[in-house]
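1. what follows is a predicted structure for the sequence shown.
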Amino acid sequence: MKAAEQFSSPLWRDRALASAALSEMERLASAAAQKTGGRVNFMEVCGTHTMAIAASGMRRLFPKELKMLSGPGCPVCVTSQGDIDRVLALAEIPGVIITTFGDMLKVKGSKGLDLHAMRERGSDIRVVYSPLDAVALAAAEPGRQVVFIGVGFETTAPVIAGAVARAKKAGLKNFSSTAFFKLVPPALELLLSDPENKIHGFMLPGHVSAIIGLEPYRFVAEKYRVPCAVTGFEPLDILSGVNMLLRQILSGKPAVEDEYFRAVRAGGNPAAQALLAEVFTVCAASWRAIGTVKDTGLEFSKAYEAFDAVKRFKIPYSDAPEPKGCLCGAILLGKALPPDCRLFGKACTPSNAVGPCMVSSEGACAAWFKYGG
Amino acid sequence: MAVLEKVVLAHGSGGRLSRELVENVFLKSFSNPALKPLEDAAEVRIPGATLAFTTDSYVVTPVEFPGADIGRVAVCGTVNDLAVKGARPLALSAGFILEEGFPGALLERITASMRRAADEAGVRIVTGDTKVVERGKADGIFINTAGVGLIPKGRSLTSAAVKAGDVIIVSGGLADHGVAVMNARDRLGLEGGIKSDAAPLNGLAEAILKFPGVRAMRDITRGGLATVLNEVSGACKLSAEVEEEAVPVSVQVKNACALLGLDPLYVANEGKIAVFVSPAAAPKILKAMRAHRYGKHAAVVGRMVKEKKPQVRLLTAIGGSRIMLMLEGEQLPRIC
């Protein structure tokens, strides 16, 4: 239990410490706002941060100058409609067992169907907690094809790389995975290269950074002069992360600071990086609302190509439009907040979600709906 | 057109959709004054006495898990539904739907466990029914239990009676059952000895009801404390304010929930109740609960407040606040 206590000890939710951090924030934010035109906009890139901010009810405690925007960091949310359609096409193949994390069950494809509905129609779809469970299933069911739905960022990709490497070692011919992986640093570059962006600082994802380290973010501070703080997920982590960003604005010296140093090392996790480099190569990826952008994702390397579900079953990609009226795209880019969407809380709720930001437990819309922003 | 297009899994989650199913389909068809409050058990008046009457069906995979099994849960769940209405359980029924091929030894373990739970609650299983269905037409075993209890004269517990200023007490650590079952079902390998809390709480309820000032008690099962508070808030038209730090959740369960992306306030229990009491009675009742084996970790978690627009609110550890809705959809583990 020791490690767990270190990560989430009650100290990270201590009211007196939080209140001290918040008064500091008031002071810093009002000074910083004078340098940024009256408002300070920070983006929490990661969906887990979005959820943590909402769950701790801290939005109401923030200084009025500060606005936290949700970014493109929820694995389900950034997966393009075209890739969701490919997942559903895989589920339609007779005899295939689809294994997936629970979050993917209710993302609708362009025809309005989701995996949940496919299951009701007879597809064999199973929720697993780890891709290793999917590999074990493939070993236990040699007569069936088992496909794992791999989506996500640098956090989940190594786990899936590990599972695929194990399947290869075991000589499993009936296991494959999708590789709809996205990379966080190029996503930041996408946001920053938009001249209309109004982001004054990035709260960077703790889990992704534990894998990739700090170096890949350096360009944000150096080329774009935007402050960065790699941040943990407890309330005090988030408050400290915000204050780090505010101080960087005030000092005029943007940098990549590490608030989450109890988990994140500057060099990241070399073993995970090596695994990623062995199993995957950088490729173009298709992002919801952004489109296909080169060098922003991961696909299987030549040595592991045989495990690519999309290639094994020859599933073509075709662009598909976003659900009508859905603002997920704008929300992912930090250009809108969930309540700005006309569907939010009306036609679109977690029980009957229109867009992926309402489906995923990490999605901005789900967080705002569940916790009231 | 039917109000309900088709049944989805979330209709059984105990949350908002379950509530809608009950209101739009069952209540619509069966409407009568005893059913209408939609509480854990119905009050049925007969000359000279008031009975509490309840039924519940049990479907759980696996059928045995750390701390309990489907049989223990089936007895405790029905006993607790009676107990929270202030009723003394008189008799239970047990109906079994068995799938062809179900192992006899396992069935005997389950019935022995039911007997032990019934003995502990001081109630007998006096009638029953068995159906066997073909392989594949059921998942091993489904159990239905019903129970009748006697509500002693002068006792009346109902969510509608909860008043502004009333204190909310929870009888112990939340989410043990849901996490223990998930851990066993999905072989998550979570350590720390997380066990189901399934227990008959009629003894605890009697200990509480020795004191005046108890307005209502609720069995906290599927949908968790958040769902119970929303139901009570809806019935008494008051807001509920809960202090996050005061809610008892064991460290192991808290960590497990953090890992899986679950909120312990929405996870199922099978041996926990929420008690709504007058502020004056709260200290004595809390003391009495803590003296009982199933109330050792009882805690005051919040209070009811009068507001224009009633809602359920969580006052967070760091001093923030957020709303707590009923459970939406199913609880699904997250990706990262």
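-> Now that the structure is in, tell me what you want to look at.

2. what residues are up against residue A:303?
-> A:278-279 (CB atoms under 8 Å, 6 or more residues apart in numbering or on different chains). In this view, the C-beta of every residue, glycine as well, is placed from N, C-alpha and C.

3. how much distance is there from the longest helix along chain B to the middle of the chain?
-> Secondary structure assigned by DSSP state H gives helix B:104-121 as the longest helix of chain B. Chain-centre distance of helix B:104-121: 20 Å, with CA atoms, centre = their mean, to the nearest Å.

4. contacts for it?
-> So helix B:104-121 is contacted by B:63-64, B:68-72, B:74-76, B:79, B:89, B:92, B:94, B:98, B:124-125, B:141, B:143, B:198-200, B:202-203 (CB under 8 Å, 6+ apart).

5. filter these down to the buried ones, PyMOL style.
-> What follows is the PyMOL syntax selecting those of the contacts of helix B:104-121 that are buried according to 16 or more other CB atoms under 10 Å in any protein chain shown:
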select buried, chain B and resi 63+64+68+69+70+71+72+74+75+76+79+89+92+94+98+125+141+143+198+199+200+202+203
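
6. the contacts of helix B:104-121 also near chain A: which ones?
-> Restricting these to those within reach of chain A (CB under 8 Å from any CB of the partner chain) leaves nothing.

7. so which of the contacts of helix B:104-121 sit within helices?
-> B:70-72, B:74-76, B:79, B:202-203.

8. now, among those residues, which is nearest to residue A:102?
-> Taking CB to CB as the measure, residue A:102 lies nearest residue B:70 of the ones in helices among the contacts of helix B:104-121, at 23.4 Å.

9. need the residues of the stretch 201-350 of chain A near chain B, please.
-> Checking the stretch 201-350 of chain A against chain B by CB under 8 Å from any CB, the hits are A:207, A:235-236, A:239, A:349-350.

10. turn those residues into a markdown table, including secondary structure, pLDDT and neighbour count.
-> A markdown table is the format used below for those (DSSP: H, G, I helix; E, B strand; the rest coil; pLDDT from 0 to 100; neighbours: other CB atoms under 10 Å in any protein chain shown):
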| residue | secondary structure | pLDDT | neighbour count |
| --- | --- | --- | --- |
| A:207 | helix | 93 | 19 |
| A:235 | helix | 94 | 27 |
| A:236 | helix | 96 | 20 |
| A:239 | helix | 98 | 26 |
| A:349 | strand | 89 | 20 |
| A:350 | coil | 84 | 23 |
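
11. tell me which two of those sit farthest apart.
-> Longest span within those, CB to CB: A:236 and A:349, 31.5 Å.

12. tell me where the chain has strands.
-> No chain specified, so I'll use chain A. Secondary structure of chain A (DSSP state E): strands located at A:40-44, A:66-70, A:96-100, A:124-127, A:145-148, A:151-152, A:175-177, A:180-182, A:201-205, A:228-231, A:256-258, A:280-287, A:291-300.

13. chain B, not that one
-> Under DSSP E, chain B gives strands at B:42-46, B:49-58, B:64-65, B:68-69, B:88-99, B:124-133, B:141-151, B:167-170, B:214-219, B:239-243, B:273-277, B:299-305, B:312-315, B:321-323.

14. so which elements touch the fourth one?
-> Okay, so that is strand B:68-69. helix B:104-121 (3 or more CB pairs under 8 Å, 6 or more residues apart in numbering or on different chains; DSSP states H and E).

15. with the longest one instead?
-> Packing contacts for strand B:88-99, counted by 3+ CB pairs under 8 Å, 6+ apart, involve helix B:70-83, helix B:104-121, strand B:124-133, strand B:141-151, helix B:202-209.

16. do the first one as well
-> Taking 3+ CB pairs under 8 Å, 6+ apart as contact, the helices and strands that strand B:42-46 lies on are strand B:49-58.
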